[in-house]
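> No letters, just coordinates:
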């Protein structure tokens with residue numbers, strides 16, 4: 001029993017350190033490869049979402065001065081409409 005406890009006292013902190021290190025490494029790689037992080041404005045922004053049912057929703061995404069209406073399902077995304085950003089209905 002003492003040998004088991006000694007192994008646990010050594011391995012549990014080691015496992016925690018490995019998990020923390022992998023999270024930090026993943027975060028650093030995402031910043032380098034993805035271009036994310038401080039000082040970078042997002043190019044795409046989700047303006048609004050509406051849930052239609054299980055696994056179905058509508059999303060309005062603003063991208064490069066355009067608002068794009070997307071239909072989102074488990075099978076994928078479908079572009080339904082596109083207008084200049086800020087344009088109201090009826091104009």
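Sure, I can see it. In this text the structure is predicted, and so the values were computed from the model without any measurement.
> use CA for all of it now, contacts and neighbours both
Fine.
> count of residues packed around the nearest residue to residue 82 once chain neighbours are set aside?
Counting by CA to CA, 6 or more residues apart in numbering, residue 82 lies nearest to residue 68, which is 4.4 Å off, once chain neighbours are set aside. The number of residues packed near residue 68 is 20, by other CA atoms under 10 Å.
> And the one 4 residues further on, by the same measure?
Summarising burial for residue 72: neighbours were counted as other CA under 10 Å, giving 18.
> Contacts only, for the residue nearest to residue 82.
Contact partners of residue 68, counting by CA atoms under 8 Å, 6 or more residues apart in numbering, are 60-62, 79-83.
> Looking at those, which one is closest to residue 13?
In terms of CA to CA, no member of the contacts of residue 68 lies closer to residue 13 than residue 61, at 43.4 Å.
> and that closest one, what helix or strand is that in?
Using DSSP states H and E, residue 61 sits within strand 56-63.
> Give me the contacts around that strand.
43-52, 67-74, 85.
> Bridged to residue 44, which residues?
residue 63 (DSSP bridges).
> Below-threshold pLDDT in the chain: ranges please.
With pLDDT under 70 as the threshold, the chain has low-confidence stretches at 34-41, 87-91.
> so where do the helices sit in this protein?
Taking DSSP state H as the criterion, the chain contains helices spanning 2-34.
> Per the annotation, how does it divide into domains?
Here the domain assignment for the chain is 1-40, 44-84, based on automatic domain parsing.
> Narrow the contacts of strand 56-63 to just the buried residues.
Buried members of the contacts of strand 56-63, counted by 16 or more other CA atoms under 10 Å: 67-72.
> tell me which of these is nearest to residue 9?
residue 72 (47.7 Å).
> That closest one reaches residue 80, doesn't it?
No - using CA atoms under 8 Å, residue 72 is not in contact with residue 80, being 10.1 Å away.
> Could you tell me how far the closest residue to residue 51 other than its chain neighbours is located from residue 86?
Spatial nearest neighbour of residue 51, chain neighbours left out: residue 57 (4.2 Å); criterion: CA to CA, 6+ apart. Distance of residue 57 to residue 86, computed by CA to CA, to the nearest Å: 21 Å.
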